[in-house]
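>>> Got a predicted model here, sequence first, then my questions.
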Amino acid sequence: MTGRPMRTRGPLSRPAPARRRPRRSRLARFLRAGAVTGRLPAFLLAIGLSVLLAGFLFSADFTVRSVVVQGNALAYADSIVAASGALGQPLFRLDTEAVARRVAAHPAVASADVRAEFPDRVVVRLRERAPILVWQAGEQAVLVDRWGWAIASGYDPALPRVVQTEGERPRVGSQLPPALVQAVLAVHERLAERLTLVEYAPRLGLTVYLTEGRAVVLGDSDRLLLKLNVLEAALSLPDRWTRLDLREPERPYYQ
């Protein structure tokens with residue numbers, strides 16, 4: 001009886017590993033998927049538009065070439081333009097709030113509104129400080145606001161005036177003691193038409209001259225109301241005094 005020949009098996013061996021496909025990079029997968037779905041053209045278009053927009057915004061064609069100043073009566077326009085620092089800056093990158101802060105630092109300016117206008121202009125609208133006093137030293141005079149700031153050079157005959165006879169002269173941008181400024185205003189209001197001149201010297205303080213040819217030394221602004229009350233009483237006396245010293249109002253001295 002013949003049968004099939006017996007086959008002997010050799011040692012067991014592992015099957016050959018399957019051939020792995022090379023991995024594609026994420027970028028390659030993204031590009032392939034994007035090309036199929038349409039995202040890739042949109043992505044490239046967005047990049048192109050961004051580049052064009054950046055070129056548009058930072059183009060030399062859109063730099064600030066003019067600064068228009070509005071609302072200025074005391075401040076010179078060229079000084080405001082210089083303080084703004086806006087000329088030559090890219091219009092679309094201009095920080096208008098920073099420009100407003102720089103302009104508001106000008107002695108004559110209380111606040112400023114700034115806006116950029118296409119294609120190359122900046123408009124600065126000012127609100128200036130209000131002068132209430134003329135402070136004169138020699139041939140120079142400055143306008144002073146209620147807080148004592150010397151805001152501009154100039155003279156206004158409609159405002160009360162102080163003549164400084166010695167000491168350092170106030171400069172535009174410097175500050176006088178606010179209490180001293182308020183004292184001068186109070187003297188002008190109280191004495192009105194009897195007053196011909198107010199002088200100031202650091203050594204004596206305030207000295208006022210009256211229409212009768214009399215001089216009154218008030219000193220500093222301390223106890224000013226009491227000093228003015230004593231002056232009013234002295235003016236009612238029959239004595240024809242010519243000079244009254246009220247630096248110590250409890251012990252007035254006159255001659």
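Great, that's in hand. Numbering: from 1, shown residues only.
>>> State the pLDDT value of Gln255.
At Gln255, the model reports a pLDDT of 87.
>>> That one contacts Asp239, correct?
No. Counting by CB atoms under 8 Å, Gln255 does not reach Asp239; the two are 9.9 Å apart. C-beta here means a position set from N, CA and C on the backbone, and glycine is covered the same way.
>>> now the helices for this structure?
26-37, 39-57, 77-84, 96-104, 178-191, 224-235 (DSSP state H).
>>> so who does the residue nearest the centre of the chain touch?
Nearest residue to the geometric centre of the chain (CA atoms, centre = their mean): Ala104, 2.6 Å. Contacts of Ala104 were listed using CB atoms under 8 Å, 6 or more residues apart in numbering, and they are Ala110, Ser111, Ala112.
>>> so how far is Gly154 from Val81?
Applying CB to CB, to the nearest Å, the value for Val81 to Gly154 is 20 Å.
>>> Show me where the chain dips below the pLDDT cut-off.
1-61 (pLDDT under 70).
>>> who touches stretch 176-193?
132-133, 135, 144, 146-150, 160, 162, 170, 195, 198, 200, 206, 208, 210-211, 218, 220-221, 224-225, 228.
>>> in that stretch, what's buried?
Buried residues in stretch 176-193, counted by 16 or more other CB atoms under 10 Å: Leu176, Leu180, Val181, Gln182, Ala183, Val184, Val187, His188, Arg190, Leu191.
>>> go on, stretch 147-162?
Gly148, Trp149, Ala150, Ile151, Ala152, Leu159, Pro160, Arg161, Val162.
>>> gap between the two ends of it?
The first and last residues of stretch 147-162 sit 16 Å apart, counting by CA to CA, to the nearest Å.
>>> Please compute how far that stretch lies from its chain's middle.
21 Å (CA atoms, centre = their mean, to the nearest Å).
>>> Would you map out the domains in the protein?
Structural domains annotated on the chain: 29-57, 62-128, 133-254, as defined by automatic domain parsing.
>>> just to revisit the earlier point, list just the nearest of the buried residues of stretch 147-162 to Val67.
Lowest distance from Val67 to these (CB to CB) belongs to Ala152, with 19.7 Å.
>>> Can I get the buried residues of stretch 147-162 in JSON lines including distance to Gln70?
Below are those laid out as JSON lines (distance: CB to CB, whole Å):
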{"residue": "Gly148", "distance to Gln70": "27"}
{"residue": "Trp149", "distance to Gln70": "22"}
{"residue": "Ala150", "distance to Gln70": "24"}
{"residue": "Ile151", "distance to Gln70": "18"}
{"residue": "Ala152", "distance to Gln70": "17"}
{"residue": "Leu159", "distance to Gln70": "24"}
{"residue": "Pro160", "distance to Gln70": "29"}
{"residue": "Arg161", "distance to Gln70": "30"}
{"residue": "Val162", "distance to Gln70": "32"}
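>>> Show only the entries of those found in strands.
Residues of the buried residues of stretch 147-162 located in strands (DSSP state E): Ala150, Ile151, Ala152, Arg161, Val162.
>>> need the residues you listed in CSV with distance to Gln89, can you?
CSV is the format used below for these (distance: CB to CB, whole Å):
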residue, distance to Gln89
Ala150, 30
Ile151, 27
Ala152, 27
Arg161, 42
Val162, 42
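>>> Of these, which is the nearest to Ser66?
Ala152 (24.1 Å).
>>> tell me the contacts of Arg121?
Val64, Arg65, Ser66, Val67, Val68.
>>> my bad, should have said Arg102
So Arg102 contacts Ala83, Ser84, Gly85 (CB under 8 Å, 6+ apart).
>>> Which of these has the largest number of neighbours?
Ser84 (24 neighbours; other CB atoms under 10 Å).
>>> Look up how far Gln70 lies from Val99.
14 Å.
>>> Those two: which is more packed in?
Val99 (23 against 12).
>>> so the residue nearest to the more buried one when sequence neighbours are not counted bridges to which residues?
Closest residue to Val99 apart from its sequence neighbours, by CB to CB, 6 or more residues apart in numbering: Val114 at 4.6 Å. Applying DSSP bridges to Val114 gives these bridge partners: Val124.
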